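Undergrad: Curious how this folds, go ahead:
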Amino acid sequence: MTVLTSNSIDSSSNLVEHPLSTNLHYSSTLVNIPTIKNNENRDQNNQESNQRMTQYSNLPLASSIFSYIIRALLIPITDQSGHSVSSNLTGLISLFVVGSIFGFILPTDPSLPDRISNAWKLTSNAVGYTYALCWSVSFYPQILTNYRRKSTSGLSTDFSVLNVLGFACYAAYTVSFFCDIGGVKDEYKERHGANAIVSVTGNDVAFAVHAFIISSFQVWQIYSYRIKTFGGSDGKSTKKNRSVTSMSTTEHLSMAALVFVVGSILLCTIYGLYIQSASRNKEGSLLWPLDFIYALSSVKLAVSIVKYIPQAYLNFRRKSTLGWNIWNIILDFTGGILSLLQLVGDCAAIGNFSGITGNWVKFGLGFISIFFDIIFLLQHYVLYPHNGQIQNAEEEPFV
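TA: Below you'll find the predicted structure:
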């Protein structure tokens, strides 16, 4: 009796082939021919790609450094929480480096006397462009936060509208001094002495004009997004839109802010017309003199005193800083410190502190912004630390 083992069965099965198996094998071979060709093409493409990678890998350090610099510069814009100490320091250091490069490359302040050393002129220039850069970049994190969330809930309308008024006055103030409109520099020296310096620099003008434009865009965002939250793209209200609207509709422009804005514009207009009519007897000039420029600076200072209050109160009422990007405050605080350092340093180098007494707006703005920035930092990191983080469900990455 013959016993069949599994090995013998396997070997016998290999010897006897079903007639259909030959046809199947033949057809599968025909079917696999294009697949083999595709695999060969893919292998060839992979080899070419590897050759290109080998060619570009000769500069790995330069490319990695460049990508790191780009990521560092984008931290103030891409970071929403501000809770990483290393990320915060990296973002600030990158702005310091860029501002210093601008300060060393661009011309120094021509109003500084020749007796001041070039080292201090370059240092002052670097500090000036760094704080102007910090203040200018501080607007963009909030704008991108609004864009990601498609909402401006958490951002005070009073704060944003007052910002436009304040920066409009500050832009007129800085441009008038820097361009010497109406001979304001001569009037300034008549009042504060022939050796008095005008402490308005080119970076002040750049910041003021840029701030007015970008703050105006932020106000447009507020009313654009809040109108859209009342309904979807087809104008119909949805559950998600209603949840956003319930928060944002309580943040319209208050009557107090409206009265402040309209009253400031009317007073400046009346005072400007009075100064213009009075100056006609002065060499036939129709330009507004120094007093009106000081009036505009006073409006800016008043705006800076009151504009932060609605935002601080809104954060307190909501027990959250959600929707209020903390990088606004980090950069504003840094810019305020550097602004004061440049102003005091220039006056000390000259030996004349009329730059502070004659430009008390710049001096006061620095202290006011620092005071309120400390309040906002306490709200975000101490009082409402967990409620201040942007939820992933509410945003989509921009970059």
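Undergrad: contacts and neighbour counts: CA atoms only from here.
TA: Fine.
Undergrad: Residues touching stretch 132-146, excluding its own?
TA: Residues from elsewhere that reach stretch 132-146, judged by CA atoms under 8 Å, 6 or more residues apart in numbering: 76-78, 80, 95, 99, 152, 203-204, 206-207, 210-211, 214-215, 218, 221, 323-325, 327-329, 331-332, 334-335, 398.
Undergrad: make that stretch 203-221, sorry
TA: Residues outside stretch 203-221 that contact it (CA under 8 Å, 6+ apart): 128-129, 132-133, 135-136, 139, 143, 146, 152, 157, 160-161, 163-164, 167-168, 170-171, 174-175, 178.
Undergrad: And it, what's buried?
TA: With burial defined by 16 or more other CA atoms under 10 Å, the residues of stretch 203-221 counted as buried are 203-212, 214-216, 218-219, 221.
Undergrad: Equivalent analysis for stretch 321-337, please.
TA: Result for stretch 321-337 [16+ other CA under 10 Å]: buried residues 321-336.
Undergrad: Repeat that for stretch 182-193.
TA: 182-185, 188.
Undergrad: Please list the members of these that lie in helices.
TA: 184-185, 188 (DSSP state H).
Undergrad: Make TSV out of those and add pLDDT and distance to Ser298.
TA: Formatted as TSV, these follow (pLDDT from 0 to 100; distance: CA to CA, whole Å):
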residue	pLDDT	distance to Ser298
Val184	77	16
Lys185	78	18
Tyr188	79	16
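Undergrad: of all the buried residues of stretch 321-337, which comes closest to Gly193?
TA: The shortest approach to Gly193 among the buried residues of stretch 321-337 belongs to Gly336, at 27.5 Å (CA to CA).
Undergrad: pLDDT wise, what is Ile227 at?
TA: Looking at Ile227, its pLDDT reads 67.
Undergrad: Could you do the one 10 residues further on as well?
TA: Looking at Ser237, its pLDDT is 44.
Undergrad: And Thr201, by the same measure?
TA: pLDDT, read off for Thr201, is 75.
Undergrad: all strands of the stretch 101-250 of the chain, in order?
TA: Assigned by DSSP state E, counting those that start in this stretch, the strands in the stretch 101-250 of the chain number zero.
Undergrad: all helices in it, in order from the N-terminus.
TA: Secondary structure of the stretch 101-250 of the chain (DSSP state H, counting those that start in this stretch): helices at 118-137, 139-149, 157-179, 184-192, 202-228, 239-248.
Undergrad: Flag whichever of these has the least confidence on average.
TA: In terms of mean pLDDT, the lowest-scoring of those is helix 239-248 (a mean of 44).
Undergrad: Which strands and helices lie in contact with the next helix or strand after that one?
TA: Using DSSP states H and E, the helix or strand that follows helix 239-248 in sequence is helix 255-278. Helix 255-278 is packed against helix 157-179, helix 290-318, with contacts defined by 3 or more CA pairs under 8 Å, 6 or more residues apart in numbering; DSSP states H and E.
Undergrad: so which of those comes closest to Asn88?
TA: Closest to Asn88 of these, according to CA to CA: helix 290-318, at 22.1 Å.
Undergrad: could you check the angle helix 255-278 makes with that closest one?
TA: Angle of helix 290-318 versus helix 255-278, following axes from the mean of the first three to the mean of the last three CA atoms, to 10 degrees, is 180 degrees.
Undergrad: Go through helix 290-318 and flag the buried ones.
TA: Judged by neighbour count using 16+ other CA under 10 Å, the buried positions of helix 290-318 are 290, 292-304, 306-308, 310-312, 314-315.
Undergrad: for that helix, packing partners?
TA: Contacting helix 290-318 under the criterion 3+ CA pairs under 8 Å, 6+ apart are the following elements: helix 157-179, helix 184-192, helix 255-278, helix 360-378.
Undergrad: Kindly export the longest one (C-alpha atoms) in PDB.
TA: Taking C-alpha atoms only, helix 255-278 is exported to PDB below (Å, rounded to 0.1, in the frame of the first residue of the first chain):
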ATOM      1  CA  MET A 255     -22.000 105.600  21.400                       C
ATOM      2  CA  ALA A 256     -19.100 106.900  23.600                       C
ATOM      3  CA  ALA A 257     -16.500 105.900  20.900                       C
ATOM      4  CA  LEU A 258     -18.600 107.500  18.200                       C
ATOM      5  CA  VAL A 259     -18.900 110.800  20.100                       C
ATOM      6  CA  PHE A 260     -15.200 110.700  20.700                       C
ATOM      7  CA  VAL A 261     -14.300 110.200  17.000                       C
ATOM      8  CA  VAL A 262     -16.800 112.800  15.700                       C
ATOM      9  CA  GLY A 263     -16.000 115.300  18.300                       C
ATOM     10  CA  SER A 264     -12.200 115.000  17.700                       C
ATOM     11  CA  ILE A 265     -12.600 115.500  14.000                       C
ATOM     12  CA  LEU A 266     -14.800 118.500  14.400                       C
ATOM     13  CA  LEU A 267     -12.500 120.200  17.000                       C
ATOM     14  CA  CYS A 268      -9.400 119.600  14.800                       C
ATOM     15  CA  THR A 269     -11.200 121.000  11.800                       C
ATOM     16  CA  ILE A 270     -12.400 124.100  13.600                       C
ATOM     17  CA  TYR A 271      -9.000 124.700  15.200                       C
ATOM     18  CA  GLY A 272      -7.200 124.100  11.900                       C
ATOM     19  CA  LEU A 273      -9.400 126.600  10.000                       C
ATOM     20  CA  TYR A 274      -8.800 129.100  12.800                       C
ATOM     21  CA  ILE A 275      -5.000 128.700  12.600                       C
ATOM     22  CA  GLN A 276      -5.100 128.900   8.800                       C
ATOM     23  CA  SER A 277      -7.000 132.200   8.800                       C
ATOM     24  CA  ALA A 278      -4.700 133.600  11.500                       C
END
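Undergrad: buried stuff in that helix?
TA: 257, 260-261, 264-265, 268, 272, 275-276.
Undergrad: tell me the contacts of the residue lying closest to Ser151 once chain neighbours are set aside?
TA: Closest residue to Ser151 apart from its sequence neighbours, by CA to CA, 6 or more residues apart in numbering: Tyr225 at 5.5 Å. Tyr225 is in contact with 150-152, counting by CA under 8 Å, 6+ apart.
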